[in-house]
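Novice: Return atomic coordinates for the entry below.
(2 chains)
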Protein chains: 2
Amino acid sequence: MKILITGGGGMIGRKLVERLAREGTLNGQAIGQVTLQDVVEPATPAEAPFEVETRTSDLSDAGEADRLLEDKPDVIFHLAAVVSGEAETDFDKGYRVNLTGVMNLLEAARRAGNAPRIVFTSSIAAYGAPFPEPIPDDYILQPLTSYGTQKVCGELLLADYTRKGFVDGVGVRLPSICIRPGKPNKAASSFFSGILREPLAGVEAICPVDDTVRHWVASPRAATGFLIHAATIDSDAIGPRRTLAMPGLCVSIREMLDSLRRIAGDTVADRVTFVPDDFIRSIVSGWPENFAPERALALGFTPDPDFDSIIRSHIDEELGGRVAD
Amino acid sequence: MKILITGGGGMIGRKLVERLAREGTLNGQAIGQVTLQDVVEPATPAEAPFEVETRTSDLSDAGEADRLLEDKPDVIFHLAAVVSGEAETDFDKGYRVNLTGVMNLLEAARRAGNAPRIVFTSSIAAYGAPFPEPIPDDYILQPLTSYGTQKVCGELLLADYTRKGFVDGVGVRLPSICIRPGKPNKAASSFFSGILREPLAGVEAICPVDDTVRHWVASPRAATGFLIHAATIDSDAIGPRRTLAMPGLCVSIREMLDSLRRIAGDTVADRVTFVPDDFIRSIVSGWPENFAPERALALGFTPDPDFDSIIRSHIDEELGGRVAD
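Specialist: Predicted coordinates:
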């Protein structure tokens, strides 16, 4: 089995290829080759029981998708994207990468002719306020950002190319990833991870919204699980609506910080200061907070058990089990 | 005021420009110029109190949208489209005209810099089964055809370009137009008009579905009214969800034919024969039948009063008031 991961240099790409390297198989088949593509040279796993190729390129460049699909990968994880904040400030770049990139990939897959499983990463940014409580699977997708618009267009194209038999697409609308390791990124949701990650690493953090704000989150571990499950799920079981809202956890800032205090202690939790930011607040107020992801649960997608386990998995995976006192 | 009508050679374009010619104004402003663009030379109204220009071109050709918007029209009616049946059989043409065409138009409007009102025609093909009864305004758009996919992508792009201030877009999800004058077209819904239009013109007609099948329809007169209203409505009243489900009538084939018999008599109504067609039936079974278009009604969009009036307006406008006995 050959696998292509676009945006393979990003955080989720790295977690995904590390998990594939540990497991060595996907859907019961041995993995022979994984290609990691990204605009910057992607890191490769230290040990892998399969060949790992890297390709540094821009998927929105003419012909690049065709070159990537020359080897007819069986499974494509399409993770390449410009994040929400950057897509908002650089309109042209957002459309080029997040829409033209998807269109190029789908056309290349159509020309390759082997109807590969494409796992497409959409986002809760696909939704726009006002919302019912909780949001059902058949609620309208009316994004309030360019990023969300590009993601919904991608979902729709994926469904149509799948319906025509050109690809075998499964989309996952990921919750906000929390706790995202590494440095803050340009996503407006970055602080939801920052208020946990920084204190755990001994750094002060600012929360720009009230502690009553709720958010829909999943750990990197759960998100990687969603992608793997989406790659292996039976196509016919999904039906024509190819993108599914993933099961996250609905947690308030207060619940997150209570969990942090419970697990890491007062010294760590006291590193968070509230400094309201009206710009961030206005963006966040348009975001969905709580879903009833019945289709995904029925299809076997597995959420994090609770928020404590999200913090614990971050401490295990990113901090070597140690919190900065 | 300058107006551009893309797809101005089509049935709705012709009705629209004839109405504009009768009224001479739009939103209380005198119309100075109307440009009719289409891939075939558009007909012009016999008498118009404004300058009428025609342009025969393909909106999906590079640079064409920029040339059309050189004069900075104040209002653009975007009617140019490949219909549902043709978009299904010619995948590439459908995407080129129905998606690339819209993208080119929006980019040209952004470059023109005058944030024109763009009236975008979407369709009930934006929806896909299964459906609640009736379908509310916030029901998910999950089309089951390429045409529907292209229309929803167009809606989403229109909303995003409007949010950014590049255009002032208003989309209308048109019901099936019934009774569509002229010849049958390549839309799979063509028979809904054919079973009325042909008998009224003295021609036998075939109905390929059961008489219990319901459909969501609006007359050409009502549809033209929707477009005019969409061109004049206050932008702020609409909010960020820029495309509205239009108020049609939910009628069964039986109700249509009863109305035909009531208005035109037995000789006319007896010209319809039922010959089931499984291909058409399978397509139609995925279509929405009944909506609760509350937002459009609250914003002043006016539906046909009843199905009898739809038949009467066809007899008046297309048959000079006379039915073929």
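
Novice: For residue A:107, list the residues it contacts.
Specialist: Shown in contact with residue A:107 (Cβ atoms under 8 Å, 6 or more residues apart in numbering or on different chains): residue A:65. Where C-beta positions appear, they are placed from N, C-alpha and C, glycine not excepted.

Novice: ditto for residue A:311
Specialist: By Cβ under 8 Å, 6+ apart, the contact set of residue A:311 is A:179, A:196, A:200, A:259, A:260, A:263, A:264.

Novice: try 10 Å this time
Specialist: Residues near residue A:311 by Cβ atoms under 10 Å, 6 or more residues apart in numbering or on different chains: A:178-179, A:196-197, A:200, A:219, A:256, A:259-260, A:262-264, A:323.

Novice: host element of the residue nearest to residue A:4 when sequence neighbours are not counted?
Specialist: Excluding the flanking residues, the one nearest residue A:4 by Cβ to Cβ, 6 or more residues apart in numbering or on different chains is residue A:73, at 4.0 Å. Under the criterion DSSP states H and E, no helix or strand holds residue A:73.

Novice: dump the residue contacts of residue A:73.
Specialist: When contacts are counted by Cβ under 10 Å, 6+ apart, residue A:73 touches A:1-5, A:33-35, A:109, A:112, A:114, A:116-118.

Novice: now residue A:86
Specialist: By Cβ under 10 Å, 6+ apart, the contact list for residue A:86 reads A:93, A:94, A:97, A:98, A:146, A:147, A:185, A:186, A:187.

Novice: Where is pLDDT lowest across those?
Specialist: pLDDT across those is lowest for residue A:186, at 70.

Novice: Ramachandran angles for it?
Specialist: With angles defined as degrees, to the nearest 10, residue A:186 sits at phi -80, psi 0.

Novice: so it touches residue A:89, yeah?
Specialist: Yes. Contact criterion Cβ atoms under 10 Å: residue A:186 and residue A:89 qualify, at 7.9 Å.

Novice: okay, and the common contacts of these two?
Specialist: Any residue near both residue A:186 and residue A:89 by Cβ under 10 Å, 6+ apart counts here, and that gives residue A:82.

Novice: wait, residue A:97 sits on residue A:80?
Specialist: Yes. Under the criterion of Cβ under 10 Å, residue A:97 makes contact with residue A:80 at 6.9 Å.

Novice: what about residue A:311, which helix or strand?
Specialist: Applying DSSP H and E, one finds residue A:311 within helix A:307-318.

Novice: Ok, residue A:34 next?
Specialist: Per DSSP H and E, residue A:34 falls inside strand A:33-38.

Novice: and residue A:287, what does it touch?
Specialist: Residue A:287 sits next to A:84, A:124-125, A:127-129, A:131, A:144-145, A:148, A:176, A:188-189, A:213-216 when contact means Cβ under 10 Å, 6+ apart.

Novice: rounded to a whole number, what's the mean pLDDT of stretch A:245-256?
Specialist: Mean pLDDT, stretch A:245-256: 98.

Novice: Please save the CA atoms from that stretch in PDB.
Specialist: Taking Å, rounded to 0.1, in the frame of the first residue of the first chain, the C-alpha atoms of stretch A:245-256 are listed here in PDB:
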ATOM      1  CA  ALA A 245     -18.600  16.300  11.900                       C
ATOM      2  CA  MET A 246     -16.100  14.600  14.200                       C
ATOM      3  CA  PRO A 247     -16.800  13.900  17.900                       C
ATOM      4  CA  GLY A 248     -15.000  16.400  20.000                       C
ATOM      5  CA  LEU A 249     -15.500  17.500  23.600                       C
ATOM      6  CA  CYS A 250     -17.500  20.700  24.400                       C
ATOM      7  CA  VAL A 251     -15.500  22.400  27.200                       C
ATOM      8  CA  SER A 252     -15.400  25.900  28.700                       C
ATOM      9  CA  ILE A 253     -12.200  27.800  29.400                       C
ATOM     10  CA  ARG A 254     -13.200  27.400  33.100                       C
ATOM     11  CA  GLU A 255     -13.300  23.600  32.700                       C
ATOM     12  CA  MET A 256     -10.000  23.500  30.800                       C
END
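
Novice: Let me see the ranges of the helices in chain A.
Specialist: With helices called from DSSP state H, chain A shows them at A:11-23, A:64-68, A:84-89, A:91-95, A:101-112, A:146-163, A:190-200, A:220-232, A:235-238, A:253-264, A:266-269, A:278-284, A:294-298, A:307-318.

Novice: tell me the most buried of those?
Specialist: Across those, averaging neighbours per residue (mean count of other Cβ atoms under 10 Å in any protein chain shown) puts helix A:146-163 on top, at a mean of 26.

Novice: pLDDT-wise, which helix or strand of chain A ranks last?
Specialist: Ranked by mean pLDDT, DSSP states H and E, the weakest helix or strand in chain A is helix A:278-284, scoring a mean of 86.

Novice: what's in contact with that one?
Specialist: Identification of contacts with helix A:278-284 by Cβ under 10 Å, 6+ apart yields A:84-85, A:88, A:144-145, A:188-192, A:207-210, A:213, A:215, A:277.

Novice: ok, which of those also contact chain B?
Specialist: With Cβ under 10 Å from any Cβ of the partner chain as the criterion, those include A:88, A:144, A:145 near chain B.

Novice: Could you report the neighbour count for the last one?
Specialist: It stands for residue A:145. 23 (other Cβ atoms under 10 Å in any protein chain shown).

Novice: Give me the distance between it and residue A:287.
Specialist: According to Cβ to Cβ, to the nearest Å, residue A:145 and residue A:287 sit 9 Å apart.
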